[in-house]
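Trainee: predicted model and sequence below, questions to follow.
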Amino acid sequence: MNKFERQSAADVKTLPDDIADELSRLPGEVLSVDDAPSIAPPVPLTSDEVRTIVISLMLTMFLAALDQTIVATALPTIGRQFQDVSNLSWVITAYLLASTAVAPVFGTLSDIYGRRVMIIISLSLFVAGSVLCAIAPNMPMLILARGLQGLGGGGIMPVVQTVISDVVSPRERGQYQAYFSSVWMVGGILGPVIGGVFAEHLHWSMIFWINLPLSAAAIALLLPKMKKIPVFHRKRKVDWLGGVLLMASAVVFMLVLTWGGTRYPWLSPTVLAMVGGAVALVVTFVWHARRADEPFLPLPLLGGSVVPFGLMAGGCALGAITGLTVQLPLYYESVYHLSASEAGLALIPLAAVSTCGAAIAGRTMARAKHYKRVAIIGTSWAALCGLGLTLTTLPLWGLLTLMAAFALGLGTTFPVCVVSVQNSVARPQVGTITGALNFFRSLMSSFTVAAFAAILLIALGTDIPLAGEHHAAVAVVIPADDMRHAFRYVFGAATALMTAAALCLIMMEERPLAGPAVTKHVEMAE
C-alpha cells in the first residue's frame, strides 16, 4: 500500500461509522478527505427547515407533473389558432421525449456538480421553455419550446428525489416519497381540468404563464435552505459521450413506441430501422461504459441483489397504472356511455387511492423492520384484483370499487422501490441511480401504453383513436360487448405486470434502513 492509499484509509477510518460505510460502497475507489464529499451541514436541519424544503420540493414536483397533462385538453384550441391539427400530438410527444431522455443525465450531474446547481438549471430550463411556449407564433416553435420545457421538467423529478435522500434518513424517506407520489398524482389529475378551463375561459397561453409564479415561489422557498443541506456530490470527469449515447438511444426507442402501430405499421421499414438504430446505440453505450474510466452510468451500479429488482418492480407498477389511465376513458365511454368529462372523473379512484397505498407503505417503512412485506402484500393484492377485473363483468360502481382496491395495492410499490434502490448505493451515487430509476420507469410507462394500445387494436380489429392520438375522422363506434371483451386482455396484461412486480419484490434483498424507528418529522403529516 503506497503512502496515498495509507493516508486515504486512515482518513476514512476517522469518519463516523455510517459515513465510512457510505464511502466504502464506492466500487474500485479509495477516497481521501479532499475527494470525499462534505458529509454534514454546519448546523443540523430543524423540523421547520425540513418542512420548508419538502414543501418547496413538492411545489417543484407539482410543476413537472402538471405540465405532462395540462396541455392535453387545450390541444384543440391550439390547433385551431395555428391552423395545424396534424402536428398536435408533437406538443405532448416533444415534452415526453425530452423529459425521459434527460432524467439519467440530471441524476448523474447532480452527483458531480451538486443538487443546488442542477435544481437551478432544471427550473431555469423549465421556465425558459414555458415562456417560449406562451409566446410561440406558430406550431413548430411551440413544439421546439415544449422540448426545451421537457429538458427542465425531466431534470426536476430525479433531482427532487435525490435532495430528499440528502435531507432525511432511508427509514424516514418512505413517507416523504409517499407525499411526492400524492403530488404527482394530483398534478396529473388537475392538469387536464386546469388546461381546459384556461383554454375555454382565458387563453391557452395561460397554461404556460402559470409556471412562472409557481417556479418563483419554489425557488424562493428552496434556495435559502439549500446551503444547509448535506453535500454528498463528488467532482469527477463527465463522460459526455456516454450521456449522449444514452439519451440518443432513449429518444429513438421512445419514437418507436410513439409511432409504431399508429403513424407507421410495426413491421414497416421505418419502424424496423429505428428499432435497429436503438439497439445499435444501446450496444455502443454498453461497449463504451465498459471501457470508460468513469462512465456516465456505471454498469455495475445496475447489478446486485437490489437495484435490478427494484427497477423492474417500480417500472411494472408505474407502467400498469399509466397504461390503464390512458386507455380506461375509452372503456368508460364505450361500455358505460359516460361523457368525456365523466370518464375523466372516473379515473380519480385509480389515481387517488394509489397515493393512499403509497402513504401506507411509507409509514410502514418508518416503523417496521421487514418493510418489504407491505409492498409484496400490496402487489399480490393488486394482482388478485386485476384477475377479478379480467374474469368478471361488473356494474360501474363495482368496477370503480375493484379498480380502487387494485390501485391501493399498486401504490405500495413506489416508496419501497425508490428507497430500497437509493439505500443500496453509496451517497455520492444516489443521484445517478435515482436518475436511472426514473429513466427506466418512463420507458416502461411508454412501453406499456403502446402495448395496451396494440392489444386493443388486435382484439378489436379496427382503427380507433388510442393513447392520445388525434384523428380528423370521426371515432369509430365500438359495440359495448366487443369493447368489454377486448379490455379483458388489457386487464390481464395489468395483472401480469403486478404479478411480475410481486415476484421482483420477493427476490429483492431487504437491506436494513438507517434512521430512527419512528420519524422525527412525522408532525408534518399530522
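Mentor: Done, it's in.

Trainee: what about the helices in the stretch 151-300 of the chain?
Mentor: Applying DSSP state H, counting those that start in this stretch to the stretch 151-300 of the chain gives helices spanning 170-201, 206-209, 211-226, 240-259, 269-291.

Trainee: so which of those helices gets nearest G431?
Mentor: helix 240-259 (13.4 Å; CB to CB). All C-beta atoms are positioned from the backbone trio N, CA, C, and that covers glycine.

Trainee: show me what the closest one is in contact with.
Mentor: Outside helix 240-259, the residues that touch it by CB atoms under 8 Å, 6 or more residues apart in numbering are 93, 96-97, 100-102, 104-105, 108, 270-271, 274-275, 277-278, 281-282, 284-285, 288-289, 292, 295-297, 439, 443, 446-447, 449-450.

Trainee: now the buried members of the residues you listed.
Mentor: 93, 96-97, 100-102, 104-105, 108, 271, 274, 277-278, 281-282, 285, 288-289, 295-297, 439, 443, 446-447, 449-450 (16 or more other CB atoms under 10 Å).

Trainee: which other helices and strands does the helix or strand containing I458 contact?
Mentor: Per DSSP states H and E, I458 falls inside helix 430-460. In terms of contacts (3 or more CB pairs under 8 Å, 6 or more residues apart in numbering; DSSP states H and E), helix 430-460 is packed against helix 89-113, helix 139-167, helix 240-259, helix 307-335, helix 413-423, helix 480-507.

Trainee: and the ones you listed: which comes nearest L513?
Mentor: helix 413-423 (6.0 Å).

Trainee: what does that closest one rub up against?
Mentor: Identification of contacts with helix 413-423 by CB under 8 Å, 6+ apart yields 161, 165, 170, 173-175, 177-178, 181, 306-307, 310-311, 313-314, 317-318, 358, 361-362, 365, 371-372, 374-375, 378-379, 430, 433-434, 437, 501, 505, 508, 510-511, 513-514.

Trainee: so for that helix, what's the average pLDDT?
Mentor: With pLDDT averaged residue by residue, helix 413-423 scores 86.

Trainee: just stretch 426-439 next, same as before
Mentor: Taken as a whole, stretch 426-439 has a mean pLDDT of 80.

Trainee: start the count at 29, not 1, going forward
Mentor: All right, first residue 29 from here; so that's stretch 454-467.

Trainee: can I get the helices of the stretch 179-328 of the chain in a markdown table including distance to P165 and mean pLDDT?
Mentor: Output for the helices of the stretch 179-328 of the chain, formatted as a markdown table (distance: least, CB to CB, whole Å; pLDDT from 0 to 100):
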| stretch | distance to P165 | mean pLDDT |
| --- | --- | --- |
| helix 198-229 | 18 | 74 |
| helix 234-237 | 14 | 84 |
| helix 239-254 | 19 | 81 |
| helix 268-287 | 26 | 82 |
| helix 297-319 | 31 | 88 |
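
Trainee: wait, which of these is closest to A435?
Mentor: helix 198-229 (9.7 Å).

Trainee: which regions of the stretch 279-428 of the chain sit below the pLDDT cut-off?
Mentor: For the stretch 279-428 of the chain, the stretches with pLDDT under 70 are 368-369.

Trainee: go again using 90 as the cut-off
Mentor: Applying pLDDT under 90 to the stretch 279-428 of the chain flags residues 279-300, 302-303, 305-306, 309-310, 313-314, 316-336, 339, 342-343, 346-402, 417-428.

Trainee: which of the contacts of helix 441-451 are buried?
Mentor: 189, 193, 198, 201-203, 205-206, 209, 334-335, 338-339, 341-342, 345-346, 386, 389-390, 393, 399-400, 402-403, 406-407, 458, 461-462, 465, 529, 533, 536, 538, 541.

Trainee: surely C161 meets G178?
Mentor: No - assessed by CB atoms under 8 Å, C161 is found out of contact with G178, at 10.6 Å.

Trainee: could you measure W237 against L251, distance?
Mentor: 22 Å (CB to CB, to the nearest Å).

Trainee: before we move on, back to that, identify whichever of the helices and strands packed on helix 458-488 lies nearest to S233.
Mentor: helix 167-195 (10.0 Å).

Trainee: by contact count, what packs against the closest one?
Mentor: In terms of contact count using 3+ CB pairs under 8 Å, 6+ apart, helix 167-195 is assigned the packing partners helix 75-97, helix 103-110, helix 117-141, helix 143-162, helix 198-229, helix 441-451, helix 458-488.

Trainee: pick the most buried one from those.
Mentor: Across the helices and strands packed on helix 167-195, averaging neighbours per residue (mean count of other CB atoms under 10 Å) puts helix 441-451 on top, at a mean of 28.

Trainee: from the chain's centroid, how far away is that one?
Mentor: Distance of helix 441-451 from its chain centroid, counting by CA atoms, centre = their mean, to the nearest Å, is 13 Å.

Trainee: pull the CA atoms of that helix into CSV?
Mentor: Below are the C-alpha coordinates for helix 441-451, written out as CSV (Å, rounded to 0.1, in the frame of the first residue of the first chain):
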residue,chain,number,x,y,z
THR,A,441,-44.7,-0.3,-4.6
PHE,A,442,-43.4,3.2,-5.2
PRO,A,443,-41.8,4.3,-1.9
VAL,A,444,-40.4,0.8,-1.2
CYS,A,445,-38.7,0.6,-4.6
VAL,A,446,-37.3,4.2,-4.6
VAL,A,447,-36.0,3.9,-1.0
SER,A,448,-34.6,0.4,-1.4
VAL,A,449,-32.7,1.4,-4.6
GLN,A,450,-31.3,4.6,-3.1
ASN,A,451,-30.4,2.7,0.1
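
Trainee: report the inter-axis angle for that helix versus helix 335-363.
Mentor: 160 degrees (axes from the mean of the first three to the mean of the last three CA atoms, to 10 degrees).

Trainee: who's the closest spatial neighbour of L170, skipping the chain neighbours?
Mentor: A164 (3.9 Å; CB to CB, 6 or more residues apart in numbering).

Trainee: so that neighbour: helix, strand or coil?
Mentor: With DSSP: H, G, I helix; E, B strand; the rest coil as the basis, A164 sits in coil.

Trainee: that one: neighbouring residues, count only.
Mentor: Number of residues near A164 (other CB atoms under 10 Å) recorded here: 20.

Trainee: from A102, how far out is it?
Mentor: From A164 to A102 the distance is 13 Å (CB to CB).

Trainee: and V354, how far from D95?
Mentor: Taking CB to CB, one finds V354 at 17 Å from D95.

Trainee: what do you get for A278?
Mentor: Counting by CB to CB, the gap from A278 to D95 is 19 Å.

Trainee: please apply the same query to A173.
Mentor: Relative to D95, A173 is positioned 12 Å away (CB to CB).

Trainee: contact partners for Y123?
Mentor: D95, Q96, V99, R174, G175, Q177, G178, G181.
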